[in-house]
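# this one's sequence-less:
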């Protein structure tokens, strides 16, 4: 993977200076915070209205969920693994290593959540996320009941569903455009 | 289906008066325009931040796409049929009958886009939408190339991808919560 | 869909006057009864021996089953939806609207029988029909036992199986020949 | 497998003397011809109208097809193998050994038609039969065109489709009722 | 199938005289014992190190297992049927007829183990073998528990897993190289 | 993941001192070389004959293949990712980072080889490995022809097949026994 690898290979990648002001500022803030500019931001900026909608949706979910941030990233990595999405597995694998303070969990969940070192409640959470990913029309009341029995609240259950749904969108965008994970994501949070 | 069927069966449905002001107003506008309150709005209002994010994403795509509105609804109905999502097939089936000025196309696309009465370009468009829905990791450069050969622009191709992605989110929300299509959607645009 | 759309697109469609007398009379009777000539009849007349066998099989099942006619059409629409067969979904969707006196049930069953407004017994009936359609080698004694527990008699259970089997034949004939649903079927029984 | 194994395990098996006269005679003729009573006949006699319809359909196809009898049995064995149907694989395996005068072809086709010792035209024929069995909604004009290029006539192509369709019915009846192949079928035509 | 059919069609088949001494002797012993030279031996001799490893692995399992030889061949035939592998279905079908002293069991298991005339314990054994074949990542503790409940020991359970694993290797080698079953295998053990 | 996590969770893990001498020595050599005892060795020692056969097979392939070691590990990681096998993805991911001198390739191949930064020849190699893993009965002459066109020799092509086959065995053993990757594997070769 060369240094000069573009943010995505299948659509034109806009330069920072050509982006609308609000998007440029949003990217610059994130770049300062993270230390590098995540390629998903540069890629989505190709379609500015969709850029704003995507990151707003992400924040609406992540900033207002009763689920722990670690649980949020567990769902994202599990769903992205089920969808074989390189960008999301690598980028959110880094997030899960950081928020979960666990250097191994991301690879376990991306490969097969059934053999990950997680609690029974989290196995149920990931089972439902994978079922909603792979067979959405077959999810039924009994799946939600199983989550209730493990102590998840109604709002937490809704959010397990909506995080799964959002990353079924996100995985498809990243796969369709062939977004490339930044090198930094591969190593973040490993030590 | 009784008159009193709720907007969704698996989560609490909020009353209009208990919703945040901006959401209530948004719903009232739509209700006036459509003549009835679409159940997806009442359902999403259970989680107000997600309500706003979802409808903003929808508008960001629909209001700023070079694709014709008829093409947008063709993609939505095809994807929703592939995902066996009752709410979206019925509600966007109505939209397609109206915007496409065709009383039969929605049922054709929801059942099997391969035998629908559509152009070769639209068959290619729906083929890619279904492939991105069912096998997102297998979509490749040759799929995009096929769309280019049928005359779709880069931005149109991106939007074929992002509409497919958004309704892979939407179908999963509707299936997870068991959102119920309003009776009105079944008959709109049939005459 | 033009008025002049042929009964099927992949094989020659015979003219009424060139058909064997018994078939022509059978079609004329049905045309008088229904108000139009169903395309499946004109299509099957391409092979007269098979025409007779197909409609005899249909009648042998429908005219002698302890299942209610509404239940028969529920099975047919559910199976045809699982097989993504346009002709059968549209034509038997009309039958179900008429015999079931329900304008919405057909679209619900064709899309996803799991979210249709039906009784638990009918959900079990449709579950078995879909399993026998999609995984015939995996149907077992426990599936039949579930139907017995919902009160279906032995002959009703056999007929759930044989209706499913017949429409797995019918769906494949219609898909193979690309039979086109008559326009009338799209609207019958909606009001 | 005991001598006393019934014709099927999941429904009552009628005695010859309790069957309608025409069915009893039909079975007795076949028993005399074959040297034993095929279990499919005793099983279907549980529902006499369906018995008549099933064997009429079979004869309508087999007695009036431009396909060679060997080709007919090749399609049946291939489809039955794809559907994992014990009765039809074993019973029609015997037919194929006899009509094809080949002791090995049946096992080859039932296991994997792609590695059977058959011509390219017959491979194409079996490819289409398997596609129509496993993915009926995906069969398209190009599949029929491939058969034409191998020299099959329009009526032969229709019959490849209708034999596939009929045994998708037959396989489901045999699997649903758990019809048991007669011992004789296992050995017929092996020497 | 001509007499001169080669041991495999997709790679060069070595002559006996060109093989390393130990392999030639091993083949000659087996040929004397069986009365013919199994094609799998001639095929694998194309890569002598792999020849030795493959037959050693086979013997390590078969010669040291607490499972009965009949059970070993039941697993092999079931797995090979699930993988649609012609060579292994035919060759080990012969083994099962001989070791199981049953002329019909092989065809039953190769077609569909669920409708075979076997005990409940052997159905559980074959269920787990097929699940490990088709969905290896979904096999869990409950599958092993089911085998324990049917009386299988820990070492027997391990061997059910490792026989399944070995023939998932073997089936892929035979399918990849298109190894052809010797004519003798088709008829061995039928009388 | 605790330090005391056992080598596998579903079968008894033997102590080093209870193992046969040759196996103990083999493990001690590897432990000295690697700096830790790979859990797959301790797990397989539960069945000593199979231990010897498994590692001999591995060496027969790896030590005598015209494929580069990096290519060998590429195939292994791709196949293990397709089979969702945690142990093999993590352990051979480390091998690939080391032999391929690339810190990112393993995660790319384990997630989706189609979006990995590899040559067209290696994409073809991985395509065939995945097809032979997921649909072994559908691999045909055209797949081998594609490899030839990319310059692979006959022996290299055979080995692409046999490495795929061996890790279809290995993945099933690791998943069946729930073998746990050593902590060291997660970090080896990352810097």
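Alright, I've got the coordinates. This structure is a prediction, so every number in the text was calculated from the model and none was measured.

# how about the helices of chain A, start to end?
Listed in chain order, the helices of chain A (DSSP state H) span A:21-34, A:39-44, A:48-62, A:69-82, A:86-99, A:105-112, A:120-134, A:141-149, A:154-177, A:183-187.

# please name the nearest non-neighbouring residue to residue A:81.
residue A:110 (3.6 Å; Cβ to Cβ, 6 or more residues apart in numbering or on different chains). For every residue, glycine as well, the C-beta is placed using N, CA and C.

# and that neighbour, what does it touch?
A:77-78, A:80-81, A:89, A:93, F:110-111 (Cβ atoms under 8 Å, 6 or more residues apart in numbering or on different chains).

# the same query, at a cut-off of 7 Å, please.
Residues near residue A:110 by Cβ atoms under 7 Å, 6 or more residues apart in numbering or on different chains: A:77, A:80-81, A:89, A:93, F:111.

# distance-wise, check it relative to residue A:93.
Residue A:110 sits 6 Å away from residue A:93, going by Cβ to Cβ, to the nearest Å.

# overlap of the contact sets of the two?
Joint contacts of residue A:110 and residue A:93 (Cβ under 7 Å, 6+ apart) are residue A:77.

# if we can go back for a sec, most packed of the helices of chain A?
helix A:105-112 (a mean of 28; mean count of other Cβ atoms under 10 Å in any protein chain shown).

# tell me the angle of that helix relative to helix F:86-99?
Interaxial angle of helix A:105-112 relative to helix F:86-99 (axes from the mean of the first three to the mean of the last three Cα atoms, to 10 degrees): 110 degrees.

# mind checking how far helix A:105-112 is from the chain centre?
13 Å (Cα atoms, centre = their mean, to the nearest Å).

# so what's the nearest residue to residue A:131 once chain neighbours are set aside up against?
Excluding the flanking residues, the one nearest residue A:131 by Cβ to Cβ, 6+ apart is residue A:139, at 5.6 Å. When contacts are counted by Cβ under 7 Å, 6+ apart, residue A:139 touches A:131-132, B:175-176.

# between those residues, which is nearest residue D:9?
residue A:131 (33.0 Å; Cβ to Cβ).

# the closest one against residue A:144, yeah?
No: Residue A:131 lies out of contact with residue A:144 (Cβ atoms under 7 Å); the separation is 11.2 Å.

# and the residue in chain A that chain E sits nearest to, how far is that from residue A:130?
Residue nearest to chain E within chain A: residue A:112 (4.8 Å; Cβ to the nearest Cβ). Distance, residue A:112 to residue A:130, by Cβ to Cβ: 10 Å.

# now the contacts of residue A:139 in JSON lines, with distance to residue D:163?
Converted to JSON lines, the contacts of residue A:139 look like this (distance: Cβ to Cβ, whole Å):
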{"residue": "A:131", "distance to residue D:163": "37"}
{"residue": "A:132", "distance to residue D:163": "40"}
{"residue": "B:175", "distance to residue D:163": "38"}
{"residue": "B:176", "distance to residue D:163": "42"}
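
# could you dump those into JSON lines and include distance to residue A:20 and pLDDT?
Putting the contacts of residue A:139 into JSON lines (distance: Cβ to Cβ, whole Å; pLDDT from 0 to 100) gives the following:
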{"residue": "A:131", "distance to residue A:20": "39", "pLDDT": "98"}
{"residue": "A:132", "distance to residue A:20": "34", "pLDDT": "98"}
{"residue": "B:175", "distance to residue A:20": "35", "pLDDT": "98"}
{"residue": "B:176", "distance to residue A:20": "34", "pLDDT": "98"}
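
# for those residues, which one is nearest chain F?
residue A:131 (15.3 Å).

# who are the contact partners of that closest one?
Residue A:131 makes contact with A:138-139, A:143 under the criterion Cβ under 7 Å, 6+ apart.

# for the residues you listed, which one is nearest residue F:170?
Nearest member of the contacts of residue A:131 to residue F:170, counting by Cβ to Cβ, is residue A:138, at 31.6 Å.

# burial count for the closest one?
For residue A:138, the count of nearby residues is 13 (other Cβ atoms under 10 Å in any protein chain shown).

# what's the separation between it and residue B:83?
Residue A:138 is 11 Å from residue B:83, by Cβ to Cβ.

# quick check: phi and psi on the residue nearest to residue A:131?
Phi and psi for residue A:139, reported as degrees, to the nearest 10, are phi -70, psi 130.

# next, the distance between the ends of stretch A:30-38.
The first residue of stretch A:30-38 is 8 Å away from its last residue (Cα to Cα, to the nearest Å).

# any idea which residue sits dead centre in chain A?
residue A:76 (4.3 Å; Cα atoms, centre = their mean).

# contact partners for that one?
Residue A:76 neighbours (Cβ under 7 Å, 6+ apart): A:88, A:92, A:163, A:167.

# what's residue A:107 in contact with, if anything?
So residue A:107 contacts F:90, F:186 (Cβ under 7 Å, 6+ apart).
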